[in-house]
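J.: Curious how this folds, go ahead:
(one chain, ligands or ions: 1)
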Amino acid sequence: MEKFIVMGEVQLTGNIRVGGAKNATLPVMAATLLCSGVNILHDVPELSDIKAMQEILAVLGAKIVREGSSLLIDTTGISKQEIPEHLMREMRASVFLMGPLLGKFRKVRVSYPGGCAIGPRPIDLHIKALEKLGAKVKESYGYIDAEASVLTGAEIHFDFPSVGATENAMMAAVLAKGTTVIRNAAREPEIVDLQTFLNKMGARVIGAGSDTIRIDGVTKLFPAEHTIMPDRIQAGTFLIAGAITQGDVTVENISSEYLFSVTDKLEEIGADITVSNNSIRIKAGELRGVDIKTLPFPGFPTDLQAPMLSLLTVAKGTSIITETIFENRFKHVDELTRMGAKIKVEGRTAIIRGISKMTGAIVAAPDLRAGGALVLAALAAQGISEIEQVYHIDRGYEQLELKLQSLGARIIRSNG
Ligand code: UD1
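T.: Below you'll find the predicted structure:
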């Protein structure tokens with residue numbers, strides 16, 4: 001099994017460009033099922049989650065070709081509406097396929113999705129939205145069958161602004177009869193990217209990025225060409241990498257609007273942030289502890305909670321992190337403790353007592369973002385660290401070691 005070997009205490013310096021966002025690519029790939037023909041997507045990251053989605057689309061009958069960072073997805077031959085269980089298990093995002101398959105073919109069969117083990121991740125909000133649009137949903141023996149002779153626009157109100165449920169509801173509603181209004185919708189930038197793609201296909205969607213999205217159903221959608229928005233979580237990770245190594249890093253191809261909650265906190269922690277046209281520069285200063293609470297966008301993103309926790313481990317004073325989105329998202333804490341961190345977890349809160357330096361250790365990535373956090377910790381720690389279970393990291397960070405090497409990090413991937 002592959003692992004990363006990291007020699008710590010190297011200050012990262014230089015410029016790094018972030019590519020397309022995994023969390024924007026996955027729903028856009030799912031949306032291609034709504035039309036028949038060749039869609040062209042640019043800046044698609046090469047990640048194992050994207051490959052899993054390619055495999056699912058191929059099983060359904062799509063033809064997919066990668067040319068550099070572009071994907072050509074031909075959905076002319078889609079002939080199946082059932083996603084095999086082993087593929088559903090690979091990735092939670094496979095649940096997105098329910099909306100478009102139902103929208104286009106009026107029926108779909110999936111099993112319960114998998115993904116990172118970061119606590120129970122129910123799909124009740126997804127199902128409720130599809131039912132509101134007129135689908136009959138049956139759950140039995142671990143499978144979910146949804147069918148609708150006709151989908152009709154409806155008022156959908158989410159109890160919680162779920163990202164995936166909002167995207168699923170949008171994709172089911174674009175081909176429904178009449179108007180759908182989604183209230184308490186998630187406001188994440190990736191939802192705006194999905195709206196842009198759907199509208200390029202001929203859909204009529206407005207309001208993404210606010211808490212109310214309005215969709216006027218159309219009868220047919222067409223293939224489209226689209227450049228995926230940049231990955232704000234990767235960008236945030238590189239900024240935190242700059243801070244934790246006392247470095248000077250400029251992240252390119254990212255709008256500061258996506259990361260205000262993060263850059264604000266980094267300034268509070270003691271870093272110097274400069275925003276220019278489509279880039280953000282961080283220069284580390286003396287780090288001090290802060291309190292952070294994860295929230296839906298525009299609040300602090302749960303996906304950067306783990307990397308930020310690594311940073312606060314070496315910030316002066318006491319910090320408190322409260323995780324409000326996912327249970328069980330402090331799995332990196334035990335591993336950071338092996339590196340000398342002083343962290344106490346009480347329910348959804350982590351209390352961090354800053355130390356001056358972590359020490360290298362052998363640790364294992366428990367999930368994707370926790371894995372990213374361990375890499376950052378290793379970059380700052382004294383001595384050598386080994387990070388096992390790199391496959392979790394490969395789900396969401398494209399060739400992380402090469403990108404960090406380009407900033408001067410001493411990190412290699414090893415098979416041993
Ligand atoms: C997406 C992101 C993930 C990010 C998360 C929150 C993708 C592919 N993944 O995940 O990286 O961490 O948003 O920003 O875009 N919930 C329910 N019932 C549901 C759906 C969700 O109770 O039907 C709960 C979840 O258990 C969780 C919370 O709502 O506690 C947030 O989940 P959601 O916003 O749906 O996240 P995902 O779309 O799974």
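J.: now do the same end-to-end measure for stretch 342-357.
T.: Terminal residues of stretch 342-357 lie 11 Å apart, using CA to CA, to the nearest Å.
J.: Quick one: mean pLDDT for that stretch?
T.: Computed over stretch 342-357, the mean pLDDT rounds to 96.
J.: List the buried residues of it.
T.: For stretch 342-357, a neighbour-count test (16 or more other CB atoms under 10 Å) marks Ile343, Val345, Arg348, Ala350, Ile352, Gly354 as buried. Using the backbone N, CA and C atoms, a C-beta is placed for each residue, glycine as well.
J.: what helix or strand is the closest residue to the ligand within the chain on?
T.: Residue of the chain nearest the ligand, by CB to the nearest ligand atom: Gly164 (2.8 Å). Applying DSSP states H and E as the criterion places Gly164 in helix 163-173.
J.: Give the other helices and strands that that helix contacts.
T.: Packing partners of helix 163-173 (3 or more CB pairs under 8 Å, 6 or more residues apart in numbering; DSSP states H and E): helix 22-31, helix 98-105, helix 124-132, strand 179-183, helix 189-200, strand 212-216.
J.: Return the angle between stretch directions for that helix and helix 22-31.
T.: Between helix 163-173 and helix 22-31, the angle comes out at 20 degrees (axes from the mean of the first three to the mean of the last three CA atoms, to 10 degrees).
J.: angle of helix 163-173 against strand 212-216?
T.: Going by the same axes, to 10 degrees, helix 163-173 makes 20 degrees with strand 212-216.
J.: Quick one: distance of helix 163-173 to the chain centre.
T.: Using CA atoms, centre = their mean, to the nearest Å, the distance from the centre of helix 163-173 to the centre of the chain it belongs to is 16 Å.
J.: Check stretch 328-343 too.
T.: Chain-centre distance of stretch 328-343: 22 Å, with CA atoms, centre = their mean.
J.: Give me the pLDDT value at Leu33.
T.: For Leu33, pLDDT reads 96.
J.: for Met91, that is, sorry about that
T.: For Met91, the predicted pLDDT is 71.
J.: show me the contacts for the closest residue to it other than its chain neighbours.
T.: Spatial nearest neighbour of Met91, chain neighbours left out: Ala52 (4.8 Å); criterion: CB to CB, 6 or more residues apart in numbering. Listed by CB atoms under 8 Å, 6 or more residues apart in numbering, the contact set of Ala52 reads Leu87, Glu90, Met91, Ser94.
J.: Check which helix or strand Ala52 maps to.
T.: Taking DSSP H and E as the criterion, the element that holds Ala52 is helix 48-60.
J.: Also Leu311?
T.: helix 305-313.
J.: how far does that helix sit from the chain's center?
T.: Centroid separation between helix 305-313 and its chain, computed with CA atoms, centre = their mean, is 17 Å.
J.: now do stretch 42-59
T.: 14 Å.
J.: Please spell out which residues along that stretch are buried.
T.: 43-45, 47-57.
J.: tell me the mean pLDDT for that stretch?
T.: When pLDDT is averaged along stretch 42-59, the result is 94.
J.: again, but for stretch 258-266
T.: Summarised as a single mean, pLDDT over stretch 258-266 is 97.
J.: in it, what's buried?
T.: Quick answer for stretch 258-266 (16+ other CB under 10 Å): Tyr258, Leu259, Ser261, Val262, Thr263, Lys265, Leu266.
J.: Among the contacts of Ala52, which one has the most neighbours?
T.: Sorting those by how many neighbours each has (other CB atoms under 10 Å) puts Ser94 first, at 25 neighbours.
J.: wait, doesn't that residue sit right on Glu82?
T.: No: counting by CB atoms under 8 Å, Ser94 stays clear of Glu82, with 11.8 Å between them.
J.: what residues do these two have in common as contacts?
T.: Common contact partners of Ser94 and Glu82 (CB under 8 Å, 6+ apart): Val110.
J.: and Leu71, how far is that from Glu225?
T.: 11 Å (CB to CB, to the nearest Å).
J.: who's more crowded, those two?
T.: Neighbours were counted for Leu71 and for Glu225 using other CB under 10 Å; Leu71 has more, 26 against 13.
J.: For the closest residue to Phe330 other than its chain neighbours, list the residues it contacts.
T.: Of all residues not flanking Phe330 in the chain, Val345 sits nearest, at 4.9 Å (CB to CB, 6+ apart). Going by CB under 8 Å, 6+ apart, Val345 touches Phe330, Val333, Ile351.
J.: Strands along the stretch 151-300 of the chain, start to end?
T.: Assignment of strands within the stretch 151-300 of the chain using DSSP state E, counting those that start in this stretch yields the ranges 155-157, 179-183, 204-206, 212-216, 225-227, 248-252, 272-276, 279-283, 291-293.
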